[in-house]
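Student: what would the 3D arrangement of this be:
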Amino acid sequence: MNAESAAGPRSIQPGAPVVIAHRGVPGHRLEHTRPSYELAIALGADFIEPDVVATRDGHLVVRHENEIGHTTDVADHREFADRRTTKIIDGVAFSGWFTEDFTLGELKTLRVRERLPQLRPQNLRLAGRETICTFAEVVEIARRANESELDYSVGVYVETKHPTYFRGLGLDLDDLLLAELTRLGLDVEHPDVPVVIQSMETQNLRGLSTRTAAPLVQLLDRAGAPYDLVAAGDPRSYADLVTTVGVAEIATYAQGIGPNKSLVVGRDLEHRLVGETGLVDLAHEHGLFVHVWTMRDENNFLPADFREGTSRAAHGDARGEYLRFFAAGVDGVFSDFTQSAVAARAAWQG
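Tutor: From the prediction side, this is the model:
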């Protein structure tokens, strides 16, 4: 399945890159909240993107990570003070509060706050207003949009976070996700809410490839290795997965790749964009679509040649970066600023 068919009927030109609202529109609303997803749809996103982790009682909730001390007010809840702990997740020690130690009911008593306060101070005023969303609630946001007068179908582009870790706790994210898709009536060939499933790991996607008709996307980082391979003693890294052999292997179980954008257009030591790496052409040769992550407007995240001013939080020439990646042939972009992505796509089409 290509990016066009995964997105449902489109009003834009055939072959135009899809826009994936990365956690909603976190540049203007708190990430992974209802207002963030609703704004993304209003601004023209093709997909809204939730990251899912599990609760102690087996529900899927939407958070960037299972550690929630940085994105909620859990530290202010004295009744949960004894839940603070340190855990090893994907080989790294983290201290804080973790979703798998709470029931859904307990998590719903918390309120969300900005994850990047120094870069997005405009969102500080929004703290305390929104609760943690469940995966089902995000699907319902898309479903209601599709029941309106949109001329295309908004999809849900879900990432399972730390599947090996959660499986070790007896909380298999794949099983939980497929069960939820069945409960929501989305386990059919043409669901009313198109679903794409993505992961930084490999073995869970291999397993899902025989269990669901949803397109699967192998996420790829510029360094490190999928943790399932590390845990299994497999020496391969993400660098191995973007070789000809690696991409061919991905094509046996996935329909697309989601590379870190530096894997598509490289950067020099001064963080300026240099030439294309050839990954897009290689992926297309193997029938895979390419959706790059993550496009953001702030100077902190832009290549040096697209930054404006000296402030890390100031917005630079994001449109210029989008156009560079559209020229490289990507099929879609994950973006924290839906309006910027949609405007750049319109300029590209024009």
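Student: which residues of the chain fall in helices?
Tutor: 3-6, 34-42, 104-107, 135-146, 163-168, 173-183, 203-208, 227-231, 238-241, 244-250, 279-285, 318-327, 338-349 (DSSP state H).
Student: for residue 91, find the nearest of the ones you listed.
Tutor: The closest of the helices of the chain to residue 91 is helix 227-231. By C-beta to C-beta, the value is 6.6 Å. No exception for glycine: its C-beta is placed from N, CA and C like everyone else's.
Student: what mean pLDDT does the closest one get?
Tutor: Helix 227-231 shows a mean pLDDT of 98.
Student: elements contacting it?
Tutor: On a contact count with 3 or more C-beta pairs under 8 Å, 6 or more residues apart in numbering; DSSP states H and E, helix 227-231 meets helix 163-168.
Student: and the contacts of the helix it packs on?
Tutor: 53-54, 66, 89-90, 100, 172-174, 199, 201, 203-204, 227-228, 231 (C-beta atoms under 8 Å, 6 or more residues apart in numbering).
Student: and those, which two are the farthest apart?
Tutor: 100 and 203 (20.1 Å).
Student: what's in contact with stretch 71-87?
Tutor: By C-beta under 8 Å, 6+ apart, stretch 71-87 touches 31-32, 63-65, 67-69, 93-98, 101-102, 106, 109-113, 115, 127-128, 132.
Student: buried only: go through those residues for me.
Tutor: Buried members of the contacts of stretch 71-87, counted by 16 or more other C-beta atoms under 10 Å: 31-32, 63-65, 67-68, 96-98, 101-102, 106, 110-113, 115, 132.
Student: re earlier: to residue 19, which of the helices of the chain lies closest?
Tutor: Nearest to residue 19, of those and by C-beta to C-beta, is helix 338-349 at 4.4 Å.
Student: what are the buried residues along the closest one?
Tutor: Using 16+ other C-beta under 10 Å as the test for burial, helix 338-349 gives 338, 339, 340, 341, 342, 343, 344, 345, 348.
Student: could I have the CA atoms of that helix written out in CSV?
Tutor: Written as CSV, here are the backbone C-alpha positions of helix 338-349 (Å, rounded to 0.1, in the frame of the first residue of the first chain):
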residue,chain,number,x,y,z
THR,A,338,0.7,21.1,10.7
GLN,A,339,0.0,24.5,9.2
SER,A,340,3.6,24.9,8.1
ALA,A,341,3.6,21.4,6.5
VAL,A,342,0.4,22.0,4.7
ALA,A,343,1.5,25.4,3.4
ALA,A,344,4.8,24.0,2.2
ARG,A,345,3.0,21.2,0.4
ALA,A,346,0.7,23.7,-1.3
ALA,A,347,3.8,25.7,-2.4
TRP,A,348,5.4,22.5,-3.7
GLN,A,349,2.3,21.6,-5.6
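Student: so how far is it off the chain centroid?
Tutor: Centre-to-centre, helix 338-349 and its host chain are 19 Å apart (C-alpha atoms, centre = their mean, to the nearest Å).
Student: so who does residue 207 touch?
Tutor: Taking C-beta under 8 Å, 6+ apart as the test, what residue 207 contacts is residue 174.
Student: okay, it: pLDDT?
Tutor: 98.
Student: for residue 152, same thing?
Tutor: For residue 152, the pLDDT comes out at 86.
Student: what's the burial count for it?
Tutor: 16 (other C-beta atoms under 10 Å).
Student: what separation do you get for it and residue 342?
Tutor: 12 Å (C-beta to C-beta, to the nearest Å).
Student: could I get the helices of the chain as TSV with distance to residue 310?
Tutor: TSV is the format used below for those (distance: least, C-beta to C-beta, whole Å):
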stretch	distance to residue 310
helix 3-6	37
helix 34-42	28
helix 104-107	40
helix 135-146	37
helix 163-168	39
helix 173-183	42
helix 203-208	41
helix 227-231	37
helix 238-241	32
helix 244-250	39
helix 279-285	32
helix 318-327	17
helix 338-349	21
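Student: out of the ones you listed, which is closest to residue 272?
Tutor: helix 318-327 (11.2 Å).
Student: just the residues contacting that closest one, thanks.
Tutor: 17, 261, 264-265, 273, 292, 295-297, 302-303, 306, 333, 337, 340-341, 343-345, 347-348.
Student: any weak-confidence spans in the stretch 151-300 of the chain?
Tutor: Within the stretch 151-300 of the chain, no range satisfies pLDDT under 70.
Student: apply 90 and report the result again.
Tutor: 151-152, 189-190 (pLDDT under 90).
Student: residue boundaries of the strands in the protein?
Tutor: In the chain, the strands defined using DSSP state E lie at 18-22, 47-49, 51-54, 60-62, 85-89, 92-96, 155-160, 195-199, 216-220, 256-259, 265-267, 273-276, 289-295, 332-335.
Student: let's have those in JSON lines, adding distance to residue 317.
Tutor: Shown next, in JSON lines, are those (distance: least, C-beta to C-beta, whole Å):
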{"stretch": "strand 18-22", "distance to residue 317": "18"}
{"stretch": "strand 47-49", "distance to residue 317": "24"}
{"stretch": "strand 51-54", "distance to residue 317": "28"}
{"stretch": "strand 60-62", "distance to residue 317": "31"}
{"stretch": "strand 85-89", "distance to residue 317": "36"}
{"stretch": "strand 92-96", "distance to residue 317": "34"}
{"stretch": "strand 155-160", "distance to residue 317": "26"}
{"stretch": "strand 195-199", "distance to residue 317": "28"}
{"stretch": "strand 216-220", "distance to residue 317": "26"}
{"stretch": "strand 256-259", "distance to residue 317": "22"}
{"stretch": "strand 265-267", "distance to residue 317": "15"}
{"stretch": "strand 273-276", "distance to residue 317": "12"}
{"stretch": "strand 289-295", "distance to residue 317": "12"}
{"stretch": "strand 332-335", "distance to residue 317": "15"}
